[in-house]
Structure formats: structure tokens, C-alpha cells
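Novice: Got a sequence here, can you model it:
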Amino acid sequence: MDAEQQFNTLLSVAEECLDESSLRKLLEAKPDSFVAYDGFEPSGRMHIAQGIFKAVNVNKITKSGGTFLFWVADWFALMNDKMGGDLEKIKVVGEYLQEVWTAAGMNHMGTRVKFILCSECITGQAEKYWLQVLDVARRFNVTRIKKCCQIMGRLENSLSSAQILYPLMQCADIFFLNADICQLGLDQRKVNTLALEYCSKVNRKIKPVILSHHMLMGLKQGQAKMSKSDPDSAIFMEDSAEDVCRKIKNSYCPTAIEGDDAKPTSNDMLKNPCLDYIQNILFNIDNFKFQIPSYSLSDDLAKLSIDDALSSTTTAFNKVYASYQEVFDAFISGEMTTEELKCGLIYALNTLLQPIRTHFTQNERAKTILAQIVQWKKEGTVKSNNGDIAPILPEGITSNATVITLPLCSHEMITLTQVVNVAQAIAQNSTADRPIVLLEPDWASFATNSLLDMKIIHKYYALFEFGVKCALSELGVTEAKYQILKQSELILNAPSEYWLCVMNAGRSHMLNDIMGESLEDSDGSGNIVHRLMRVADVTALKPTVLATQLDDLVTTAAGVSGVEVVELNAVDLRLKAEKEIGDLNFEYLINDTDKVAKSKMKKSFCEPGNVEFCPAIEFVKVFRSSNFEVVRTPENGGNVTYTDPAQLSADFKSEKLHPGDLKSAVGESILIGLLSKLDGGIKESKELKDALKGLKALEKKAAKAKK
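Specialist: I've put the predicted structure just below:
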């Protein structure tokens, strides 16, 4: 097969190609090694488009030099609640579909046609796959992802949170599998174009070619596509010959455009499902001829057995057509009657389906699988949580601890407020008879900020950990013991269990509930994934106390009872009530020097008599609540020591204590000591210096991106 034949054969698979020039370039670069893929949900029944139509298309692709990967999407079926979300049943259905394709004449099974079980493959390469999913998630907002949800046949306002994961994962599949060609149905167009948009966002030069095949009409009037929920809307691969006869006999089959006298020139105008089957299934087969049997629907089939009626040795044919156009023209002109068209279609479909029927009656394995699925269908589906799967903790990390969730990594410098809040939470729980775990949400940070990579995230948390140690020292806590658990360590310890927990959380919570009031459709879809991940984190750790930011409370405790949730942002060390654009004196950063510390405190808000918002008093409450000395000249009242913050507040409110004296004392006795420890420790450590350098570069990158 030469290059032009390859190109034309591949084009014949698709109703739409995005785009033809890329397809030619692909064939030049990989004439006999390109990879095409399609994913399928093992969802119970297989209609003729998924069976015969797909087998024909796959054979064309392998004949043209390609390898075809079938992505057996068991986790996708779980998210869509197929087979009640029971993974074991879903896997059995996947085996059934492979048996159908084998019997349908799909060539090169096991060589150029490969079946990859989604759950097993992903678990084996969990880090690569899930970071790809999270990267897709952080590049698109919720609105864009919602538009893809028609791939599951779902309306936007009835989505579970898990159904947002579906298009994110489907887009990631393309790059994870290194697919050159996406050969899915036209109904998957939105998620395929999402993949093309993703390539543009990440400056990926080589984009996948999209070959979208035609979507067969439903057999009933007004059905733009087949429906598995309506058994009479399509021919299914396990239909008996009698089923096929009945369905086609009762099918919608117009000869003229309804309400229009114009003569149709194509089936796009007529919308006749029988012609759709003839054009897109039958004449898609090499050397096919459409034959009109000599029997009629009303008489002969009632007298003949089905087997006799379908036997090529006993059946005579009145007419034979070599092309679809011949069939269409004869039908529109009246040369071929509706009955003749339907008889010919019944004969052809049953001829195609007979090998599948034979396979499932004579092959013991296939017969057993089908019997099991039929039994499940009779029993009905009960929603499964797959044994209430929970993530598995890494060795050395215990449940029922006090879990303190660190803030998400940001492209902004770490603030003193952030590290002090964590340090104070450690201090307040250090005397309790339970371990303390600091959870670093490194993957959640990646999911919510497209400017970050994993290297900079780990640098951020290295600095954060050091800041917490220095803050603990300044708080007078020297014996605090705590464990640090990276979210990535929790995930990769048992990735299958973790992500099944995420999916089950998503299946149990509607999207609107997970978004709450703090998220909008314009926000990144990575925020949805992050919140579902937080549920999995809590499910794994089973904390007694959970210290977290209030914004996350709606999700961190979702589905988890008996957890005491406390506020992690109780300490407010802002230096001004409101932040103005470009204001560098709004709050302290962990890399501020002594000189900067004094300057910021000097410029901080400290209105005489105002104790409602006084940053200097807040520093005293946090760091020197039992012993704080203000050094003053004798003329200004002399030195004074406070052992109770309430007395200090009272003196300041009555203006016995001057703002200048208060701020000077805070700077000298608290800030210089704390920031000196931070500054000195960073300078002494190559790792921390490198981390700080990386965060500063990230800040510049973020500022540049805003322009």
C-alpha cells in the first residue's frame, strides 16, 4: 500500500479529520509504526456500530500500517456508574467485548491490535499518568470541562464531581498512550479538541490527528443517535435473527423529506436510519454488494425458518447493487421499495452477526461470560463502592493523629503568618497523647497552579518546613515532635486505592456541592480534583483533629465523621488592614532581613487607642504573652513589662502606651530574633538558598505572566 492509498484508507474511517495535513506528515514520519487509539467503557451491551463498524475501521487502520490500542476504560465506567460501579463486573464485560470483536473478524488481535486495561496500566505508571491528568486539569476552567461532559451523555446541571474527572482523564489518555491518532466517534469531538487546545497551551508541536467516525442514527424517528437504554433504537451484537427482523421491519424509513417537496440528494437531508446502516456499516466493508432477497417481509419469512431465509444456498436475489449511491438513487426514485430495502438490510445484518452468534454458542469461555452478564442484567444493578476502598498509609505514618494541612504552594513568597499558624497548631497539640502529621499537598498544589512544577513545589515546602521550625523556637516550643507526609508519598504508596477513593468521593458528591460557594465555573478545574483529593487524604489518615484552612472545610471532612476540624488561619499578622497593589509592606515574608523587618514595623498600621486592629499587639499575643518588655526613656514613663496581653491592650487603648514605643519593642524583642534565625538558616544551607532563589524566580515569572 503506497502513501496515497494509506492516506485515503485512513480518511475513509472518518467523517471528520483534524487535520489532513497533519495526517500526511504523520504517514511520512511513521508509515508503518503509527499508533491509533480508542477507549471504550465496558458497560454491558455492544451495539453494531461498536462491534461491526469498529472492527471494520480497525482493520483498515492496521492494514494501513498502524497499531490500534483499545483502552479498556474500566475506571471510566466506574465514574459513569456502569454496572453499578462494580469494578469486577466491569472487567468481565470488558472480556465479553473482546470476544465479540474476535468473532466479528477483527484482524491482528494481540499483535497490531492490543487491549490495555486502564486500571492496571495506570497503576503501573501512576506518577506519570496522574501528573498528566492534573496538568490537564489546571490548564482549563470548569466551564470548558463541563462542555466535554456530553461524552458521557450527561447534562451540565446533573453532574457528579466524578464526571468532571472523566474528560480530564480521557484527554490525558491520549498523551499517556503516545497516541498519534484518536479514532473515536464524532460525539467525542469536544474532548478531542480539548487535547488539541492542551497542546497549544503547553507548546507541544506534534499534535494528535483526530479521525472521528460517523455516529449511527437510532432506528426510531427523531433519534439522532442510538441509545443503549432503548433496545429497539439499534441492532445489538447479541440480537437474534428474529430481533433483527423485528427491529428493521419496525424502523423509521422515509422516502421523502418530511414537510418538504424537495427531492433529497443525500441522507443528511432524508435522515433515514436504514440508509445510514447501509452506507456506514455495509458499504464500509471491502467488496460489499447489497442484495435484495426474493422473499418478502410479510409472507416468506413467516413460512421459512430464519436459518433458511439467511442461507445463501437457498436464497435467490432479485437485485444486486455495487455501491451505496446506486442503492440511494434506486430507493429515492422508487425503483426499490421500502420493503425491498429492509429485506436487503435484514439479510446483510444477519449475515454479519451470525459468526458472533455461533461464537457465543460454541466457544465455552465466551458462552460463560455472556451467561454471567445476562444474569447480572436480570438481577439489576446495585450501586457499589467496591468495598469502600481507602488509601493505604505509608509505613511509619499512623492514623488517628492530629493532621495539620499545610497551605497550597503558591507563586508568591511564603509569609510569616502562614508558618506561624502551622507552628502554633503544632504547639497547641504537642501535649496531646497522639502523633502530629504535617501533610504537604504537593500534588494538589500542582493541580491548582499552572506556573508550578514539582521541583519548585518541593523547594517551597523545604523553606516552609524550616520556617515552621524557626517559628516553633520563637514560640518557646523545643520538644515538639511531628511527622511530615507528602501527599505524593501517600498517593504513590497505593495509587489504585487512593484514586478509587477519589472517584468514589466524586460519585457520592454532586459537582455543585463540592464547588460550594467559594468556587465558580471560571476557576480552574484542578480545584475540583484538589478537593476530591482532600477527601481521600482524610479518608486515609482518619485524623482525630484536622487543622486546615476554612476554605477547604466543605470538602476535607466530606463523608468523614468524628473529626474535630479546627481553623488553621486563626493568627493574623498582617501589618495593614487592606492590601494595595504593589504594597511590599503589607506583611512579613520569611526571607525579610532585619533591616526590612524594622522598616515594615515602622510603617505598619498602629493608630493610637485602636485595639481592634493593631498588628503590633497581635505579635505580642502570639510570641510574648507572658513576658513582654517595652523600653522607654524616663521622660516617656520608663521601661514597663507586661505579663498579660489584656493589660497591654488596656494601656494602648487609654494611650498610656505610645504606638512608637510599642512598635519599637516588638521589632527589637520579637521580629529581629525570629527573622535573624530565618535569614541565618537560609544563608547557611545550600538547599534553602537554592529554594529561595527558585521562589524568587517564580515570583518574577508570575508577574511577567500577568502583563
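
Novice: Where does pLDDT dip in the chain?
Specialist: The chain contains residues with pLDDT under 70 at 150-157, 228, 298-316, 381-388, 550-561, 707.

Novice: okay, which residue is most central for the protein?
Specialist: Ranked by distance to the mean C-alpha position of the chain (C-alpha atoms, centre = their mean), the top residue is residue 165 at 2.9 Å.

Novice: could you point out which element follows the helix or strand harbouring that one?
Specialist: Residue 165 is located in helix 162-176, with elements delineated by DSSP states H and E. The C-terminal neighbour of helix 162-176 among helices and strands, as given by DSSP H and E, is strand 181-182.

Novice: Can you tell me what sits against that following strand?
Specialist: Here strand 181-182 makes contact (C-beta atoms under 8 Å, 6 or more residues apart in numbering) with 10, 23, 26, 34-38, 61, 66, 174, 188, 192, 195, 208-212. In short, each C-beta sits where N, CA and C put it, glycine included.

Novice: again, only using 10 Å
Specialist: Contacts to strand 181-182, defined as C-beta atoms under 10 Å, 6 or more residues apart in numbering, come from residues 10, 13-14, 17-18, 22-23, 26, 34-39, 61, 66, 68, 170-171, 173-174, 188-189, 191-192, 195-196, 208-212.

Novice: try stretch 373-382
Specialist: 42, 44-45, 81-86, 89, 92-93, 95-96, 238.

Novice: Near residue 182, how many other residues are there?
Specialist: Residue 182 sits with 26 neighbouring residues when counted by other C-beta atoms under 10 Å.

Novice: What of residue 579?
Specialist: Residue 579 is flanked by 12 other residues according to other C-beta under 10 Å.

Novice: That one: which element?
Specialist: Residue 579 belongs to no helix or strand, assigned by DSSP H and E.

Novice: Look up the closest residue to it, ignoring the ones flanking it.
Specialist: Among residues not flanking residue 579 along the chain, residue 586 sits closest, at 4.5 Å (C-beta to C-beta, 6 or more residues apart in numbering).

Novice: Same question for residue 505.
Specialist: residue 535 (4.1 Å).

Novice: which one of the contacts of stretch 373-382 is nearest residue 393?
Specialist: Among those, residue 85 lies closest to residue 393 (C-beta to C-beta), at 24.7 Å.

Novice: I'd say that closest one and residue 79 touch.
Specialist: Yes: using C-beta atoms under 10 Å, residue 85 is in contact with residue 79, at 8.2 Å.

Novice: and residue 116, that's in a strand?
Specialist: Yes: Residue 116 forms part of a strand when assessed by DSSP: H, G, I helix; E, B strand; the rest coil.

Novice: what about it, neighbour count?
Specialist: 16.

Novice: what sits against the closest residue to residue 47 other than its chain neighbours?
Specialist: Nearest in space to residue 47, with sequence neighbours left out and distances taken as C-beta to C-beta, 6+ apart, is residue 234 at 4.3 Å. With contacts defined as C-beta under 10 Å, 6+ apart, the neighbours of residue 234 are 45, 47-50, 216-220, 223, 225-228, 247, 273, 277.

Novice: if we go to 8 Å?
Specialist: 47, 48, 49, 216, 218, 219, 226, 227, 228, 247 are the contacts of residue 234 under C-beta under 8 Å, 6+ apart.
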